[in-house]
Structure formats: structure tokens, C-alpha cells
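A.B. asks: Here's a sequence, model it:
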Amino acid sequence: MGKLTSAGFDIAVQYWECPEAAGNLILVHGYYDHVGLYGSLIDFCREQRLNLVAFDLPGHGLSGGEPARIDDFDQYEAVFFDVYQQAEKQLPALPWLAAGQSTGGAILASYLLKRRPLAGQSGPLEVWLLAPLLRPVGWRSGRWVHALARLFVSRVRRRFALSGNNPLFAEFIASGDPLQSRHLSVHWVTALKRWLAWIERQQPLVYPVRMIQGTADQTVDWGYNVPAYQRLFPDLRLTLIEGGHHHLVNETPERLEAVYRALLSGLDAVLPAKASE
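C.D. replies: Alright, predicted model coming up:
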């Protein structure tokens, strides 16, 4: 574990090294999250012989910044790019993958559409988007509430949803996790509005992208987001997790198995070193 300074923030970065690794993976977590919530993905990487790099976004976990606030999504993308470049210099010269949950998926999409890398050369061999953010649920009405609220307050109290398939995880987020923000930043919503206007203007990019989405997600408007991401990434491979909620790496065992089965489906082709096992 160490620290990296990027976009004016001190960023906490963690690295798990796997003996006889077949590849490297960089993880970008979601809004309100931190690396500590991704134990199942850490285990998956170890089982698949993937070195893992993960970091807390600005305003999250052990990184610097006002809790849950960002002024521009470009800052998130800049932090990801800096961590990724530094990791490429310090980790073994192996193929790279990238995974992003929710806002983390939006950050990876921004990276791809802004920098337009070549898969396996200037960018990862494949990018995994887990319930990626585009429009949140209730966005049509919520943006007008935000337009009024931002005139008077800088944050609003967060509502914790105790519904979902994993009540123990929901309860931990609501009352047991000391790294959770208790407020929604109005500045973050302002930044989201600008980012949405930007991403919907972007030209499609042919890139190996794998998207996994739960059909019971009550955080993002997946009915709108799926076709939008399919337009942006014409080669996108989609897997729907029936009854799956938003935080896919903390789902029930059977749905968690479906998530990782989908990720494994093309892993041997992406990482030839694993195909010889």
C-alpha cells in the first residue's frame, strides 16, 4: 500500500501480487465505495492469477478530498490515468485488464472515449463495466430538484437503501462501515450533469468491453444505460444478471457466481498464459 498525488489529491493505492501471475487488473470502485468493499473481486483475481491494483477515489476511503465530492469527472479520469500509468511502470510486464463498478465504470468509459487507446497496446486488453453509471434512477425528476437545491445547500443527507439481495451487506453500509459518507454532495451531482452532456456527444469506439448488469438494479437506469453503452462501444458484450441489484460483487452466492462466470468466459482468450493450464 502507498500514496500517489494526482489532480491535487493524495490517493491511497493498494497492490496484491500473485505468484506466477498471468496478468494485471486495475479496479475502479463506485461512488460512496472504497477498496475494502471488494473482497470477492480480490479473491477472484487471486484464483485467476491476476495481480490487482486498486485505489480509493478522491473523497472516498483513505484518499484525500472532501467526502463524496468532485467538481468535475475529468478529475476522476485523470486520477485513474495517473495510477494506471504508474502501475504499468512498477508492475510486471503482463497483459492488463480494467474493471469498474458503477461510477468506476463511468470513469473507465471516459478514459476510453477521451484517450481512445488501442487494446493491448496503449490500453487494457479488455475493460469490464459492472453496472456502470450513466443515468441514475429517477434522473428526469432528480435533476430539477438538484437545480433548486444547489442554490441553497452544498450537500444533502444520504438515504441508505436496506433492500437488496444481501441484507448483511446493506446493513454494514448503513451502520457498520466507518468509511461511508453520510451525505450526497450537490457538487458531485453538478459534475454528473456536465459529464452526461459530454459522454452522450462522444463518437463510438470499437474496443473489447464487457458489461454486466443486474435486472433489479435500483441505482442506475439500466434500461436507458444499456443501449447507450452499446452505442458508445459497438463491440460491447452484455450479460444480464436476473434479479441482480447494483453492487454486483456483493451479491448472493448464486448471482456472484454468474458474475464471475461471465468474466471468466473470455478470460482464456484474453490472457493466453491461462489457456495452457
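A.B. asks: who does the closest residue to E88 other than its chain neighbours bridge with?
C.D. replies: Once flanking residues are discounted, E88 sits nearest to W96: 7.3 Å by Cβ to Cβ, 6 or more residues apart in numbering. Just so you know, the C-beta spots here come from the backbone N, C-alpha and C atoms, and that holds for glycine as well. Beta-bridge pairing of W96 under DSSP bridges involves N24.
A.B. asks: Extract the C-alpha set from stretch 239-257 and format it as PDB.
C.D. replies: Only the C-alpha atoms of stretch 239-257 are listed here, as PDB (Å, rounded to 0.1, in the frame of the first residue of the first chain):
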ATOM      1  CA  THR A 239     -24.500 -10.200 -19.600                       C
ATOM      2  CA  LEU A 240     -27.700  -9.600 -17.600                       C
ATOM      3  CA  ILE A 241     -27.900 -11.000 -14.100                       C
ATOM      4  CA  GLU A 242     -31.500 -11.900 -13.400                       C
ATOM      5  CA  GLY A 243     -32.700 -10.300 -10.200                       C
ATOM      6  CA  GLY A 244     -29.200  -8.800  -9.600                       C
ATOM      7  CA  HIS A 245     -29.000  -5.500  -7.700                       C
ATOM      8  CA  HIS A 246     -26.500  -2.700  -8.100                       C
ATOM      9  CA  HIS A 247     -23.400  -3.800  -6.100                       C
ATOM     10  CA  LEU A 248     -22.700  -6.900  -8.100                       C
ATOM     11  CA  VAL A 249     -19.500  -8.100  -6.300                       C
ATOM     12  CA  ASN A 250     -21.600  -8.200  -3.100                       C
ATOM     13  CA  GLU A 251     -24.500 -10.300  -4.400                       C
ATOM     14  CA  THR A 252     -25.900 -13.600  -3.300                       C
ATOM     15  CA  PRO A 253     -23.600 -16.600  -3.900                       C
ATOM     16  CA  GLU A 254     -25.600 -17.800  -7.000                       C
ATOM     17  CA  ARG A 255     -25.600 -14.400  -8.600                       C
ATOM     18  CA  LEU A 256     -22.000 -13.700  -7.600                       C
ATOM     19  CA  GLU A 257     -21.100 -17.000  -9.400                       C
END
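A.B. asks: Name the residues of the longest helix that the chain contains that are buried.
C.D. replies: Taking DSSP state H as the criterion, the chain has its longest helix at helix 73-90. Buried residues in helix 73-90, defined by neighbour count with 16 or more other Cβ atoms under 10 Å: 73-84, 86-87.
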